[in-house]
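*Asks:* requesting a structural model of the entry that follows:
(2 chains)
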Amino acid sequence: MKAAVLVFPGSNCDRDMAVAFQAAGFKVDMVWHKDHALPEGVDIVGVPGGFSYGDYLRCGAIAANSPICGELKAHADNGGYVLGVCNGFQVLTETGLLPGALLRNAGLKYICRTVPLIVETTDSVFTQGYDKGQEIQIPIAHHDGNYFADDATLDRLEGDGRVAFRYGDNPNGSMRDIAGILSANGRVLGMMPHPERAADPAQGNTDGQAMFSALGHALERVTA
Amino acid sequence: MKARVHVMLKNGVLDPQGEAVRHALGALGFDGVSGVRQGKVIDLDLAPGTTEAQVTEMCEKLLANTVIESYQIEMQG
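*Replies:* Model prediction:
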């Protein structure tokens, strides 16, 4: 069971994500943005939080056009799993792997605190370790987390059960309180909150652990 | 040759920065500013013969996120 975590100049949650994957039983390779290939046999690619390329132009825009993101798209198009957190979510919308965009927070402030999330679907490898409607506490840390999509896209996401998480108390103006969404095949998850920052008792919060352990169990069966 | 690209948030996309600027103008005593939208201007130095179609492709692929932004191109000789 193998995970790859992409590293861009300015990524700063890459090692946290790698540790969370390792704790769930994955062998993890760190992959530099200038690489032109993912390691052989990678099951899931993590796109970490941070400030790739200093957030120049738009958050995630330059990263989305880096060499490794061509490979990321090919991986996803072939049915591979992808987890994008925070800046990683922004990268996934910029690549077009997920619909919509992340705008500046409605209150204009950078927000760094733990917020309540509601698990909207358990029908994905990412969320099957939770109960539908369960409230979990996960940290956010972003300036541009205000999820935007047109009404038709939002209706489609909701109709298809592709909203993975909603905010219990919308901190950033996101449309329909959306905190995380899934791709049409359910194998790509983008979310602004940081489950990898709540995945070990030493972090004082383990509400994110169920995501990584569920991924570990699911992909262990797939790759066994 | 040069081109100038204007990138703006689309109508209907909330611009919280523009709103903050509008409030600040009001606080400075400039009455009657009913809306502020903030965008970007990107100046490109281009090889001779670059076409507007090529600049359009640059906008579509990188300079603007057409989910939320619109763009206008001025080709400058």
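*Asks:* all contacts plus neighbour counts: C-alpha atoms, from now on.
*Replies:* Noted.
*Asks:* pull the longest helix from chain A.
*Replies:* Looking across chain A with DSSP state H, the single longest helix is helix A:209-223.
*Asks:* what's the helix or strand for B:Ala32?
*Replies:* Not quite, residue B:32 is Gly, not Ala. Using DSSP states H and E, B:Gly32 sits within no helix or strand.
*Asks:* ok, it - contacts?
*Replies:* B:Gly26 (Cα atoms under 8 Å, 6 or more residues apart in numbering or on different chains).
*Asks:* would you check how far apart it and A:Asn205 are?
*Replies:* Using Cα to Cα, to the nearest Å, we find B:Gly32 at a distance of 49 Å from A:Asn205.
*Asks:* next, count neighbours for A:Asp155.
*Replies:* A:Asp155: 12 surrounding residues under other Cα atoms under 10 Å in any protein chain shown.
*Asks:* buried residues in the helix or strand containing it?
*Replies:* Secondary structure assignment for A:Asp155, by DSSP H and E: helix A:151-159. By neighbour count on 16 or more other Cα atoms under 10 Å in any protein chain shown, the buried set for helix A:151-159 is A:154, A:157-158.
*Asks:* format the residues you listed as a markdown table; extra columns: distance to B:Thr66.
*Replies:* Output for the buried residues of helix A:151-159, formatted as a markdown table (distance: Cα to Cα, whole Å):
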| residue | distance to B:Thr66 |
| --- | --- |
| A:Leu154 | 17 |
| A:Leu157 | 19 |
| A:Glu158 | 22 |
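*Asks:* need those in TSV (columns: distance to chain B and pLDDT).
*Replies:* Converted to TSV, the buried residues of helix A:151-159 look like this (distance: Cα to the nearest Cα, whole Å; pLDDT from 0 to 100):
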residue	distance to chain B	pLDDT
A:Leu154	13	98
A:Leu157	16	98
A:Glu158	18	98
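*Asks:* so B:Val33 touches B:Val21, yeah?
*Replies:* No: using Cα atoms under 8 Å, B:Val33 makes no contact with B:Val21, being 10.0 Å away.
*Asks:* then stretch B:33-44 to PDB, C-alphas only?
*Replies:* Provided in PDB are the C-alpha atoms of stretch B:33-44 (Å, rounded to 0.1, in the frame of the first residue of the first chain):
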ATOM      1  CA  VAL B  33     -19.500  54.900  -3.800                       C
ATOM      2  CA  SER B  34     -22.100  52.100  -4.300                       C
ATOM      3  CA  GLY B  35     -19.700  49.400  -5.500                       C
ATOM      4  CA  VAL B  36     -16.100  48.500  -5.700                       C
ATOM      5  CA  ARG B  37     -14.700  45.500  -7.700                       C
ATOM      6  CA  GLN B  38     -11.000  44.800  -7.500                       C
ATOM      7  CA  GLY B  39      -9.100  43.000 -10.200                       C
ATOM      8  CA  LYS B  40      -5.700  42.400 -11.600                       C
ATOM      9  CA  VAL B  41      -3.800  43.900 -14.600                       C
ATOM     10  CA  ILE B  42      -1.100  41.600 -16.100                       C
ATOM     11  CA  ASP B  43       1.300  43.100 -18.600                       C
ATOM     12  CA  LEU B  44       3.000  40.700 -21.000                       C
END
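*Asks:* what does that stretch rub up against?
*Replies:* Outside stretch B:33-44, the residues that reach it (Cα under 8 Å, 6+ apart) are B:2-9, B:15, B:17-19, B:21-22, B:25-26.
*Asks:* wait, isn't A:Thr93 in contact with A:Ala101?
*Replies:* Yes: contact criterion Cα under 8 Å: A:Thr93 and A:Ala101 qualify, at 5.8 Å.
*Asks:* quick one on the thing from earlier: which of the residues in the longest helix of chain A are classified as buried?
*Replies:* For helix A:209-223, by 16+ other Cα under 10 Å, it's A:209-216, A:219.
*Asks:* between the residues you listed, which is nearest chain B?
*Replies:* A:Met211 (29.3 Å; Cα to the nearest Cα).
*Asks:* which one is that closest one nearest to, not counting chain neighbours?
*Replies:* Nearest non-adjacent residue to A:Met211, counting by Cα to Cα, 6 or more residues apart in numbering or on different chains: A:Phe126, 5.3 Å away.
*Asks:* re the thing from before, what helices and strands are in contact with the helix or strand just after the helix holding A:Asp155?
*Replies:* Of the helices and strands lying after helix A:151-159 in sequence (DSSP H and E), the nearest is strand A:163-167. In terms of contacts (3 or more Cα pairs under 8 Å, 6 or more residues apart in numbering or on different chains; DSSP states H and E), strand A:163-167 is packed against strand A:111-119, strand A:178-182.
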